[in-house]
Structures are given as C-alpha cells and as structure tokens.
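Student: Starting from these lines, generate the structure:
(chains A and B)
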There are 2 protein chains.
Amino acid sequence: MNMPLKIPENHPRADSLRIRERLVEAFEQGAVARAGLIAHGRGEAFDYLLGEQTNQPAKEAIRAAAALLLTAKKPVISVNGNFVALTPKEIVSLSKSAKAEIEVNIFYRTLEREKIIKSLLERVGATRVLGVDEVNSTCIPELGSERRRVSSDGIFLADVVLVPLEDGDRTEALIMMGKKVIAIDLNPLSRTSTKATITIVDNVVRAMPKLISEVETLRSTEVTDLTVIAEQFNNKANLNKSLTYIVERLMELAG
Amino acid sequence: MNMPLKIPENHPRADSLRIRERLVEAFEQGAVARAGLIAHGRGEAFDYLLGEQTNQPAKEAIRAAAALLLTAKKPVISVNGNFVALTPKEIVSLSKSAKAEIEVNIFYRTLEREKIIKSLLERVGATRVLGVDEVNSTCIPELGSERRRVSSDGIFLADVVLVPLEDGDRTEALIMMGKKVIAIDLNPLSRTSTKATITIVDNVVRAMPKLISEVETLRSTEVTDLTVIAEQFNNKANLNKSLTYIVERLMELAG
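Tutor: Purely as a prediction, here's the structure:
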C-alpha cells in the first residue's frame, strides 16, 4: 500500500526525512504503532523549535539524570516502540552502565508488538527484557487503560524510572506511587515534562548517547555528591529555561 | 498488525486523539501515506501552540483568501491524502462555491493512492478530479521528484492555487511560475507559509468551513473591491502576528 520513501536528494529537510525512515522501518516491522508515527511528527515539530540541538538546560538535566540513576537502588528503563526504533543500542548500553532493568510499556498494548520490541532489543545485546507476556504483573492504581499493567519485577519495585516519550497519565501515576521519574520529552509543556522529577527536553537520538557518557563520567563520584547533584536540580526552573530558549528562537526566526 | 485505537475515556487529550482517528482510517484505506501520519503529528504540535483555535490573523487571511479565490480566472484546489482525510466534504463544497478545479497532488506518488483519494472525493459529491493517471500532464520546472507533474488542465493553467498541507518546494515552484498561492499551514515559519501569497495559519478542519462561508459572504462584492481586499493583505505581517500569538501563549503557559 505504501511505497518505500523516495527522498529527493536536494530536499532541504532531507536529514529529518532520513531520521524518520528509522521510525517507518520499525513501523513496518510492527514495533511502532500508527499513533507512534503521529507522535514522532509531534516530536519533529518541537525539535524544530529547539533548533535540533541539545541546549544548555538539556545538558544540565542529563547530568542530574545520570546522578539520579547512579544513586538509584532499582532503576528501570521503560521502553516503547518509538524509543526502541530510534535508540536500540543506547537503551541496552545505558541499562548496562546504570545497572537498570529494561521494561516494555506501550500505550496500545498487543502481545505481538511487545514481543517484536523485545526481539529488537535482544538483537542488539539485551539479555533481560521485562514487561512482555508476564505472569508476574501488577497494576498501577488509577490508570484506566492497558497502560496500568507493570512488571512485578520491574517498575513496580523501581525507585527511579526513565520514561522517554511517555504518556502523561503514566508519568503522573508513577510519581503518585512515590517513584522518581526521569523523562526525555521534546515538549517542555507536556504533562510528562511538568510532572517528572527530572525532564530532559531533547531528542532521544541526541540525549541517550550523552546520558550514557555522563553516567560513565560520574561513575566514580561519591554517592553523597551524586545525591547533591540530583537534588539540587530544579525541574520547573529548567523547563522554563527550555521554554525561554524556544521563545527566543521563535523571535529570532521571525526576524 | 495494529489494533484499533482504544482511547481511554478519561484521557485529557481524547479530543485530539479522536480527530487523529480520521487520519488513521484514511491511512487504512490507503489514502494517507505513512509520512502523512508523521506530518499530521507535526501539525498537532503547532496546533497545540496555537491553542487549537482560529485566531485573528487567521481570520484576516481567510477573508483575503476568499477574495482572491473569487477574483481568480482559474482557481485550483490542490489536494493530498491528509487534506482529503480531514475535510473531504469541505473540499467539494469549496470547489463548487469558488468554481475551482480539484487536483490530486501527493508527495509520494502512486497511482493507487491517487485513485483512492479521487474516490473519497467522488463519494462526497466531486464530479471532476484532475491529476489522476493523466495523459495530459506537464512538468513544473526545477522540481526533482514526482511532485513535478501537474495536470495540463488544472494547476498548469491556474492563476490561483490553494495548497493546504503542502511541501515547501512545490509552493516555491508554483510562485516562480507566476501563480498566486493560498496556503493553509499550521507552521507560520515553514517555507510554504513564507513563500505563499496568502497563508492561513490554522488547522484545515477549522479553516475550511470558515473559508467556504467567507466566499459566500463576499460573493456579491464588486470585483474591484475584492481585488483591494486581496491585494491589501500583507502575508509577512500576518505571519508575524501568528508567531507573536504563539510566543505570547508560550510565555503564558510557562506561567
């Protein structure tokens, strides 16, 4: 029904169109939902407003996130189709560096898609992926859909959860359960961004390698110092800096 | 591979998710490309920044667009899968009110998709749809892809072309061919928006009914007066007003 995308060589948005191909490929493989393609488009728009680069507030959030991951007792990386489509290797690499579990959590749940997502991660070295066809699953209170279900060995026990490209309801529910949430979200105004403990306003494609490298950098830091780094981070103030960055860029583009 | 979307009743973005279903349905029918789903997501993000309502600058652009359509010798409405998915009846209704041809022009061209788009329009009353499997097609100079091709009976001869949700390259090429272009685009910074003669920064779902009603309102106005309305419109100034609107809303949302 859909032909392969033919991107004209001289198209000015060729780079963005090529990144998009990774999503489309994962869609064809069954890892990404139709709604995931639409969500990617929303991300593209916000990334465009951010100038498609990691700005200073994002770098500060990445440092705090790395410190929080290193002080966590049980960190878990929550993954969905889009996240796995864009940064499969980085997810596995971060889970090893930060000793974090990986758990599949998708908005439109089907066992088939969960299995495909798991296999894409295993293909790049994941040895344990939770959240797929589990006997041991528990429900998050107060969530109305299939998104309630979490692994009893994973998010249910986690103290810190990394939730990139996440739905606002879930983020809120995790916070209400007393967990600390690290979000990677291109929209500084989203409910996920405003509810999370630490929000990295950046594209996962750029943020994940930087987060891995920051975890490596901070690995030998004392726990008490890491705690200070994580606790000194002010998410609301940081989100306002990202928003100011966007507003200034818009005014500059307006000329 | 993809289950029907189950939208949780209490989800705060339920309205936006339901509008999205029209796109997904047209995608299933083969009218919308995968890239069209992503493009819709970009639109959602900009519409969110606009507060999901038709603002004052958009209303001014709609009035000027109606005047330009009514003074045109040969107006043509260029349609793609997303446009037809969202406002099929309005496209047919505007083509009748403004005596405009309808021509299919899609970025990722396949004869199959062209035919499906045509049939969706015929189902709601279109009697003539150009741009599908034509013997009489001509090329727009300086465009590298399949998007070069236009109908010899339609856009090639048109003096005014309405291009909603259009690619920047094509808009630029049409302007270079001496045509006046009316764009409906949610991004006031896009190349389409900045190159067009008149840009309506609004969602087609809201803009199209308003455009039809403005055409009816202005129908009995003298041609000389219509010409004044169309020519007095300053696109650059209007785009800056839309941008200012977004910036003010962002600052308000930031609190």
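Student: Show me what the helix or strand harbouring residue A:206 is packed against.
Tutor: Per DSSP states H and E, residue A:206 falls inside helix A:204-218. Helix A:204-218 sits against helix A:56-71, helix A:81-86, helix A:88-97, strand A:180-184, with contacts defined as 3 or more CB pairs under 8 Å, 6 or more residues apart in numbering or on different chains; DSSP states H and E. (Glycine included, C-beta is placed from N, CA and C.)
Student: and the gap between the residue most central in space within chain A and chain B?
Tutor: Of all residues in chain A, the one closest to the mean position by CA atoms, centre = their mean is residue A:164, 1.6 Å from it. To chain B, residue A:164 is 16 Å away according to CB to the nearest CB, to the nearest Å.
Student: That residue and residue A:158, how far apart?
Tutor: Residue A:164 sits 15 Å away from residue A:158, going by CB to CB, to the nearest Å.
Student: name the element residue A:193 belongs to?
Tutor: Per DSSP H and E: helix A:191-195 holds residue A:193.
Student: hang on, the earlier thing: let me have the helices and strands packed on helix A:204-218 in a markdown table, extended by mean pLDDT, distance to residue B:81 and mean neighbour count.
Tutor: What follows is the helices and strands packed on helix A:204-218, written out as a markdown table (pLDDT from 0 to 100; distance: least, CB to CB, whole Å; neighbours: other CB atoms under 10 Å in any protein chain shown):
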| stretch | mean pLDDT | distance to residue B:81 | mean neighbour count |
| --- | --- | --- | --- |
| helix A:56-71 | 98 | 35 | 23 |
| helix A:81-86 | 94 | 22 | 25 |
| helix A:88-97 | 97 | 30 | 20 |
| strand A:180-184 | 97 | 31 | 26 |
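Student: just for the stretch 101-250 of chain A, where's the confidence low?
Tutor: A:134-148 (pLDDT under 70).
Student: Helices of that one, start to end?
Tutor: Using DSSP state H, counting those that start in this stretch, the helices assigned to the stretch 101-250 of chain A run over residues A:111-123, A:168-176, A:191-195, A:204-218, A:223-232, A:235-254.
Student: which residue packs closest to the residue in the stretch 1-150 of chain A positioned nearest to chain B, ignoring adjacent ones?
Tutor: Residue nearest to chain B within the stretch 1-150 of chain A: residue A:41 (2.2 Å; CB to the nearest CB). Spatially, and ignoring its direct neighbours in sequence, residue A:41 is nearest to residue B:41 (2.2 Å; CB to CB, 6 or more residues apart in numbering or on different chains).
Student: Look at the one you found and tell me its secondary structure.
Tutor: Under the three-state scheme (DSSP: H, G, I helix; E, B strand; the rest coil), residue B:41 adopts helix.
Student: surely it meets residue A:40?
Tutor: Yes - the pair residue B:41 / residue A:40 is scored as a contact, 6.1 Å apart, by CB atoms under 8 Å.
Student: ok, those two, which is more surrounded?
Tutor: Applying other CB atoms under 10 Å in any protein chain shown to residue B:41 and residue A:40 shows that residue A:40 carries more neighbours, namely 26 against 22.
Student: That one - nearest residue in space that isn't next to it in sequence?
Tutor: Residue A:40 sits nearest to residue A:23 (CB to CB, 6+ apart), 5.0 Å away.
Student: Relative to residue A:33, how far out is that neighbour?
Tutor: Taken as CB to CB, the span from residue A:23 to residue A:33 is 11 Å.
Student: Residue A:227 now?
Tutor: 38 Å.
Student: need the contact list for the residue nearest to residue A:41.
Tutor: A:37, A:38, A:39, A:40, A:41, A:42, A:43, A:44, A:45 (CB atoms under 8 Å, 6 or more residues apart in numbering or on different chains).
Student: number of nearby residues for residue A:34?
Tutor: Neighbours around residue A:34, by other CB under 10 Å: 22.
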